[in-house]
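J.: sequence and computational prediction follow.
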Number of protein chains: 2
Amino acid sequence: MSGYLNDDTTAEEFARQSELYTGFTTSVRELVDATIRTEVDDAEIRRAQAEIDAITARLRSKQLEGSYGVRFSSHGFTRPWGNAVMGLRNPIAPPLSITNFDDGRAESEFHLGAAYEGPPGLVHGGVSALLLDQLVGQAASAGGHPGMTGTLTLKYHRGTPLGDLYGKAWIRETDGPKTFVAGELGDAEGPTVTCEAIMILPRWARERIASSPDRVPRLFE
Amino acid sequence: MSGYLNDDTTAEEFARQSELYTGFTTSVRELVDATIRTEVDDAEIRRAQAEIDAITARLRSKQLEGSYGVRFSSHGFTRPWGNAVMGLRNPIAPPLSITNFDDGRAESEFHLGAAYEGPPGLVHGGVSALLLDQLVGQAASAGGHPGMTGTLTLKYHRGTPLGDLYGKAWIRETDGPKTFVAGELGDAEGPTVTCEAIMILPRWARERIASSPDRVPRLFE
């Protein structure tokens, strides 16, 4: 299984990989959407399946043993590209492009299509939870208080329609290793889901900070 | 956007579609995994992308206008096949095969691979929330108390490793339109995430039950 990997990826290499994998993964996301919505006949489905199996076999001829993990470069580039919410290489991720603010906020605007459905025409309540968990984590990190989610409480005010949405999270308070973060998800009409999270800095990370206080440990990025 | 659709799908047609789309969607899930993990060279990635774009265009030549929705058949077959957690036609869904018990329980065993990663080697905390939201909803429905999630509170006890996992949920208490459901997710070592949910039966559904008490309204299935 992959972990936190460090390498010497340069700006040029980072840009090359970003362009290559953004294009490729975007195409796979389109296929995911078409897989759910297609109404072509059985023969066409079976033909598509055989072709996809052949492509997958070629891609798997050289692949990571486990998951992608998170890659750090000595030149300052982070690649959390397998992440289920914002991973550039993960077709399951919408992906969320999140803007982090160093006063402890994180914001994103995004579109959710057929793949994120729960009740008909609505975003799956658990998908809202998934996205908010990422946002509260990033808000805490952005404000200099990284932590693992300890508790996450979600309140569902009304259904979230599939389509154009926003999400945001912000630090409300910090108390030693605990950071209290609030968040919300919504559409043009306003919030649909709100949340409160308690992020906790693990003991090993607290000890690392105590020994070198100038360096905030990497939990997620 | 699709809604709750009713049709006359027969047992034979249901079986035929299940077989066709299970195979096809399983292949797309494999491609999703390979997309994250592949290390083949750029030329091979670009070639795969061009082929995938061509397949997607063929699939889109005839497709639903919106999302899949939930389909009911007069013969008793339900197809929640676009669902982000258990949708047979949704490549994003692991998918969870959930066993429902009429005493108000829902259980599932499943495997989560690279596509569900958050911290390196661990399930994204939000993915755990996503799966638990589905499980608490199904436990409530299975026990005859369907509802929309009103509040969901998750406690993260330790990281959930990618791999073989279980999830379960059970009704703890009911109080009029509110159903209190507990749930947990875990691995062979025991629980990693626990939750409490309050499911609420919407007013329109309560009114429908009042007018025809023998028929529990369809919220999700």
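T.: Looks like it came in fine.

J.: for the strand ranked longest in chain A, packing partners?
T.: The longest strand of chain A (DSSP state E) is strand A:163-175. Contacts defined by 3 or more C-beta pairs under 8 Å, 6 or more residues apart in numbering or on different chains; DSSP states H and E place strand A:163-175 against strand A:105-112, helix A:125-142, strand A:178-187. C-betas here are computed from N, CA, C, even on glycine.

J.: other residues contacting it?
T.: A:96, A:103-112, A:123, A:131-132, A:135-136, A:138-140, A:143, A:145, A:179-188, A:195, A:197 (C-beta atoms under 8 Å, 6 or more residues apart in numbering or on different chains).

J.: stretch A:42-51 now?
T.: A:38, B:20-21, B:23-24, B:27, B:51, B:55, B:58-59.

J.: so which bits of it are buried?
T.: Residues of stretch A:42-51 classed as buried by neighbour count (16 or more other C-beta atoms under 10 Å in any protein chain shown): A:44-45, A:48-49, A:51.

J.: is chain B contacted by the helix or strand of chain A with the lowest mean pLDDT?
T.: Every helix and strand in chain A was compared by mean pLDDT, DSSP states H and E; the lowest is helix A:203-211, with a mean of 74. No - for helix A:203-211, no contact with chain B is found by C-beta under 8 Å from any C-beta of the partner chain; the gap never falls below 11.8 Å.

J.: what packs against the lengthiest helix in chain A?
T.: In chain A, taking DSSP state H as the definition, the longest helix is helix A:11-37. Judged by 3+ C-beta pairs under 8 Å, 6+ apart, helix A:11-37 is in contact with helix B:11-37, helix B:42-60.

J.: what's the angle from the shortest one to helix A:42-60?
T.: Going back to what we said before, that points to helix B:42-60. 160 degrees (axes from the mean of the first three to the mean of the last three C-alpha atoms, to 10 degrees).

J.: what's the helix or strand following helix B:42-60 packed up against?
T.: Sequence-wise, the next helix or strand downstream of helix B:42-60 (DSSP states H and E) is strand B:70-73. Judged by 3+ C-beta pairs under 8 Å, 6+ apart, the packing partners of strand B:70-73 are strand B:4-7, strand B:78-79.

J.: now the shortest one: average pLDDT?
T.: Here strand B:78-79 scores 86 as its mean pLDDT.

J.: the longest one now?
T.: Averaging the model's pLDDT scores along strand B:4-7 yields 79.

J.: starting at the chain centroid, how far to that strand?
T.: Relative to its chain's centre, strand B:4-7 lies at 19 Å (C-alpha atoms, centre = their mean, to the nearest Å).

J.: next: the last one.
T.: With C-alpha atoms, centre = their mean as the basis, the distance from the averaged C-alpha position of strand B:78-79 to the chain average is 12 Å.

J.: identify the residues contacting it?
T.: Residues contacting strand B:78-79 (C-beta under 8 Å, 6+ apart): B:9, B:14, B:17, B:70-73, B:88, B:221.

J.: quick revisit: and of the helices and strands packed on strand B:70-73, who's closest to residue B:204?
T.: Nearest to residue B:204, of all the helices and strands packed on strand B:70-73, is strand B:4-7, at 12.7 Å by C-beta to C-beta.

J.: now for the closest one, which elements pack on it?
T.: strand B:70-73.

J.: which of the contacts of strand A:163-175 are buried?
T.: A:96, A:104-108, A:110, A:112, A:123, A:131-132, A:135-136, A:138-140, A:143, A:145, A:179-187, A:195, A:197.

J.: what about chain B: which of these touch it?
T.: Within the buried ones among the contacts of strand A:163-175, those near chain B by C-beta under 8 Å from any C-beta are A:131-132.

J.: check what pLDDT residue A:113 gets.
T.: On the pLDDT scale, residue A:113 gets 98.

J.: where does chain A have low pLDDT?
T.: A:1-3, A:213-221 (pLDDT under 70).

J.: residue A:81 is in contact with residue A:68, correct?
T.: Yes - counting by C-beta atoms under 8 Å, residue A:81 is a contact partner of residue A:68 at 5.7 Å.

J.: now do the shared contacts for these two.
T.: A:87, A:89-90, B:36.

J.: using PDB, list the CA coordinates for the least confident helix or strand of chain A.
T.: Listed next in PDB are the C-alpha coordinates belonging to helix A:203-211 (Å, rounded to 0.1, in the frame of the first residue of the first chain):
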ATOM      1  CA  ARG A 203      -0.500  12.400  19.300                       C
ATOM      2  CA  TRP A 204       2.400  11.500  16.900                       C
ATOM      3  CA  ALA A 205       1.900  14.700  15.100                       C
ATOM      4  CA  ARG A 206       1.800  16.700  18.300                       C
ATOM      5  CA  GLU A 207       5.100  15.200  19.300                       C
ATOM      6  CA  ARG A 208       6.600  16.000  15.900                       C
ATOM      7  CA  ILE A 209       5.500  19.600  16.200                       C
ATOM      8  CA  ALA A 210       6.900  19.800  19.800                       C
ATOM      9  CA  SER A 211      10.300  18.600  18.400                       C
END
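
J.: could I get the helices and strands packed on helix A:11-37 in a markdown table, plus columns for distance to residue B:201?
T.: Below are the helices and strands packed on helix A:11-37 laid out as a markdown table (distance: least, C-beta to C-beta, whole Å):
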| stretch | distance to residue B:201 |
| --- | --- |
| helix B:11-37 | 28 |
| helix B:42-60 | 38 |
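
J.: what's the closest non-adjacent residue to the residue most central in space within chain A?
T.: Centroid-nearest residue in chain A: residue A:85, 2.1 Å away (criterion: C-alpha atoms, centre = their mean). Counting by C-beta to C-beta, 6 or more residues apart in numbering or on different chains, residue A:85 lies nearest to residue A:134, which is 4.0 Å off, once chain neighbours are set aside.

J.: so what's residue A:126 up against?
T.: Contacts of residue A:126 (C-beta under 8 Å, 6+ apart): A:118, B:84-85, B:129-134.

J.: before we move on, back to that, show me which of the shared contacts of residue A:68 and residue A:81 are buried.
T.: A:87, A:89-90, B:36.
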